[in-house]
Structure formats: structure tokens, C-alpha cells
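Undergrad: quick check, what structure comes out for this input:
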Amino acid sequence: MKSIELKENGSIYQILGFDSTQVGLEQLHNRAKLCVQDVDFEDAKIMGKKVRELPSVDVQQKLAEALSGNPFELLARGWGQIRLIREAVAKSRNPAKPELAHLAQHDLEASLEPRLVLTIDGVDWCSVRLSIVLRLRVQAADFVFYDGSLTGVTFGNPVGSVSLKVEGREVAACKRELDISTSTYKPPSIRMPGAQLRGS
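TA: Below you'll find the model as predicted:
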């Protein structure tokens with residue numbers, strides 16, 4: 001399995017490595033062709049051909065838009081389900097102040113299921129269901145929250161991976177081990193799940 005660096009300012013698109021392999025794009029094309037099966041035969045034949053002929057650069061651009069989120073946003077969804085973290089997030093608000101939290105060894109799995117909409121001749125013709133799973137195992141993690149947002153995290157012996165499924169089928173070329181060589185990350189301020197905006 002290939003590895004890719006986890007960057008605090010990176011994107012989910014970047015860690016899946018779409019810009020370095022065409023195999024994932026080929027899988028997307030194959031899955032997209034199945035979206036036209038429910039229309040009459042002649043239209044299916046024409047539109048199926050157009051889907052196959054979509055330029056890779058167009059598909060890559062749409063993928064980059066659909067997967068533009070920061071990986072730490074996805075991880076935050078998982079951490080936000082843990083009671084200790086929810087309590088620390090609450091304490092970081094009203095008044096706004098830094099709040100520290102510590103988690104001992106734990107495994108985390110967070111998923112995202114966006115849809116990639118393919119446009120043909122100006123019409124949104126079909127959407128392709130994507131499923132991204134981010135897995136992380138750490139000996140310990142120390143967090144910094146401020147006003148309901150994650151502003152920093154320090155990992156102890158982290159190991160992680162990311163994978164992608166297209167219409168339920170895994171794209172092996174996009175499975176990556178995460179290179180988490182930096183122990184402390186300060187991602188862009190990430191709003192934690194359930195933390196309401198001030199004044200709401």
C-alpha cells in the first residue's frame with residue numbers, strides 16, 4: 001500500500017492521490033456508465049458513450065470540489081462522538097477560552113459519503129456515490145479547543161489509512177497509508193460537531 005503525508009492544510013482529495021494515478025478515474029468512468037441503464041436503449045447508448053468520453057481533467061476538477069474538505073474535519077466528526085471531547089468543547093465556549101483534553105490509546109474510524117455529479121451537455125445527468133473511510137490508531141492524543149473549534153492536536157505513535165469506494169466497490173489505487181511524521185498539527189480552526197455558532 002502506498003503512503004501519503006497527512007497535512008494540516010491538505011484535502012481529502014490530496015490524500016487519496018487522484019493527481020498521481022489514473023486508475024481511480026477509470027473506475028469512476030465505469031461506475032458512471034451504469035447510471036444510464038434506466039433510460040431507453042438509444043439514449044443509454046448515446047449518453048453512456050458521452051460519459052466514457054468525459055475528459056479526465058473535468059472529472060478530476062469535480063472530484064477536487066467534492067473532496068475539498070480537510071481530513072481533520074472528518075476526524076473531528078469521530079472525536080466529536082466521544083463524551084470527554086464533547087465536554088471539553090463545551091467548556092471552551094461561554095466565555096471563549098483554550099480548553100485542553102487528553103485521550104488515551106484509541107482507534108478512530110470516520111466516513112464521508114459525498115456524490116460526484118457528472119454534467120453532460122450542461123445537464124446534471126448522473127451522480128456517482130463515493131465513500132471515504134479514514135482510520136486512525138494512536139497511543140494517545142492531546143487536543144486544544146477554542147470557542148467550540150479544534151485548533152491543535154498532538155499524536156502519540158499514530159498509524160492511519162484512507163480508502164475510497166465508488167458505488168460500493170473499493171478503488172485499490174486510492175488506498176493509502178497515512179504518513180503522520182509530524183506529531184503536532186495545527187489545522188485551520190475546525191468547528192466541532194454540535195458546537196453552535198455564537199449567538200445561535
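Undergrad: hey, where'd the strands end up in this protein?
TA: Using DSSP state E, the strands assigned to the chain run over residues 2-5, 98-112, 115-120, 123-146, 149-156, 159-166, 169-170, 176-179, 184-185, 190-191.
Undergrad: residue 72 is nearest to which of the ones you listed?
TA: Closest of those to residue 72 is strand 190-191, at 5.6 Å (criterion: C-beta to C-beta). For glycine as for every other residue, the C-beta is placed from the backbone atoms N, C-alpha and C.
Undergrad: rounded mean pLDDT for that closest one, please.
TA: For strand 190-191, mean pLDDT rounds to 92.
Undergrad: stretch 73-87 now?
TA: 93.
Undergrad: output the lowest mean pLDDT helix or strand found in the chain.
TA: helix 41-52 (a mean of 55; mean pLDDT, DSSP states H and E).
Undergrad: pull the number of nearby residues for residue 184.
TA: Counted with other C-beta atoms under 10 Å, the neighbours of residue 184 add up to 11.
Undergrad: OK, contacts around residue 178?
TA: 3-6, 15, 136, 158-162 (C-beta atoms under 8 Å, 6 or more residues apart in numbering).
Undergrad: give the bridge partners for it, please.
TA: Beta-bridge partners of residue 178, counted by DSSP bridges, are residue 4, residue 160.
Undergrad: any idea how far the closest residue to residue 193 other than its chain neighbours is from residue 168?
TA: In space, and not counting its chain neighbours, residue 193 is closest to residue 80: 3.6 Å by C-beta to C-beta, 6 or more residues apart in numbering. The spacing between residue 80 and residue 168, counted by C-beta to C-beta, to the nearest Å, is 26 Å.
Undergrad: more crowded one of these two?
TA: Shown here are residue 80 and residue 168; by other C-beta under 10 Å, residue 80 has more neighbours (17 against 8).
Undergrad: any weak-confidence spans in the protein?
TA: For the chain, residues meeting the criterion pLDDT under 70 lie at 19-25, 27-58, 120-126, 194-200.
Undergrad: mind doing that once more with 80?
TA: For the chain, the stretches with pLDDT under 80 are 1, 17-60, 117-128, 167, 181-182, 194-200.
Undergrad: who's in contact with residue 132?
TA: 12, 16, 67, 74, 111-114, 162-164.
Undergrad: how about residue 175?
TA: Residues in contact with residue 175 (C-beta under 8 Å, 6+ apart) are 1-2, 161-164.
Undergrad: same thing with residue 193?
TA: Contacts of residue 193 by C-beta under 8 Å, 6+ apart are 76-77, 80-81.
Undergrad: now the buried members of these.
TA: Buried members of the contacts of residue 193, counted by 16 or more other C-beta atoms under 10 Å: 76-77, 80.
Undergrad: now those as TSV including distance to residue 192?
TA: Output for the buried ones among the contacts of residue 193, formatted as TSV (distance: C-beta to C-beta, whole Å):
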residue	distance to residue 192
76	6
77	9
80	5
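Undergrad: nearest to residue 88 among those?
TA: When the buried ones among the contacts of residue 193 are ranked by distance to residue 88 (C-beta to C-beta), residue 80 comes first, at 10.6 Å.
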